[in-house]
Each structure stands twice: as structure tokens, then as C-alpha cells.
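*Asks:* Pasted the sequence and its predicted model underneath.
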Amino acid sequence: MKAIDILIKPLVTEKSNQQAEKLNRYTFQVNRKANKLQIKKAVEEFYGVTVKEVNTSIIPGKRRNRYTISGVISGKKPAYKKAVVTLAEGESIDLYANV
């Protein structure tokens, strides 16, 4: 797999922003088939940084209901894999550079 196939998108939340500032950790949504070594290589190649540690977890899909004029519409959000990447001391990623 290529780096662009492994890294789907960065997850930007309040918690991930705090971890990026204080602990030098960044959160990404990644391909379900990717392992930790592939994720580490993809982040290092794509952003040009040194990765110290990678933690992964699979987030299960959740049921959602939407109330409309025609009635209740039920659905399910898809499950995805999340990777929390810890960078080496003194390195950082600018996630807002292309915005």
C-alpha cells in the first residue's frame, strides 16, 4: 500500500488538539488493513517527521436515527480504524497548512 492509501485523513477534535500541543501526538483515520509498521512508514514519508510510537484502535460503527417529515430514518455510521502517532522530541506536523 502507498502512504496516500494508508492515511485517510487527520482527525481534528478538541482532545486531539490538546494531545498535539502537550504530548506531541497526532490522530489519523487510517485504512482498516494497515498495521502499525505501515502507518509509521506512511506518516514519516508523507510528513517528513520521525515517529516514536503508534497506537491503533478500531472504532465501532454507531446506529443513528434521523427524524424527518416522512418518518424516522434509521442508519449506521461505518466503523473505522484510528491511529494515534507520537512524534520524536522537537518535531511537529502542521495540519492546517493546506487549509
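*Replies:* Arrived safely, thanks for sending.
*Asks:* From here on, just use CA atoms for contacts and neighbour counts.
*Replies:* Noted.
*Asks:* So what's the residue count around Leu11?
*Replies:* Neighbour count of Leu11, defined by other Cα atoms under 10 Å: 18.
*Asks:* Am I right that it is in contact with Arg25?
*Replies:* No. In this structure, Leu11 is not within contact of Arg25 by Cα atoms under 8 Å, at 11.5 Å.
*Asks:* For Val43, the count of nearby residues, please.
*Replies:* Count around Val43 with other Cα under 10 Å applied: 21.
*Asks:* how far out from the middle of the chain is the strand or helix carrying it?
*Replies:* Element membership for Val43 (DSSP states H and E) is helix 36-47. For helix 36-47, the gap between its own C-alpha mean and the chain's C-alpha mean amounts to 12 Å (Cα atoms, centre = their mean, to the nearest Å).
*Asks:* Use 195 as the first number from now on
*Replies:* Sure, I'll start numbering at 195, so the last one becomes helix 230-241.
*Asks:* what about Asn211, which SS state?
*Replies:* Three-state assignment for Asn211 (DSSP: H, G, I helix; E, B strand; the rest coil): helix.
*Asks:* Looking at per-residue confidence, what score does it get?
*Replies:* On pLDDT, Asn211 comes in at 94.
*Asks:* what's the answer for Val206, then?
*Replies:* 93.
*Asks:* give me every residue that touches it.
*Replies:* Taking Cα atoms under 8 Å, 6 or more residues apart in numbering, we find Val206 in contact with Thr221.
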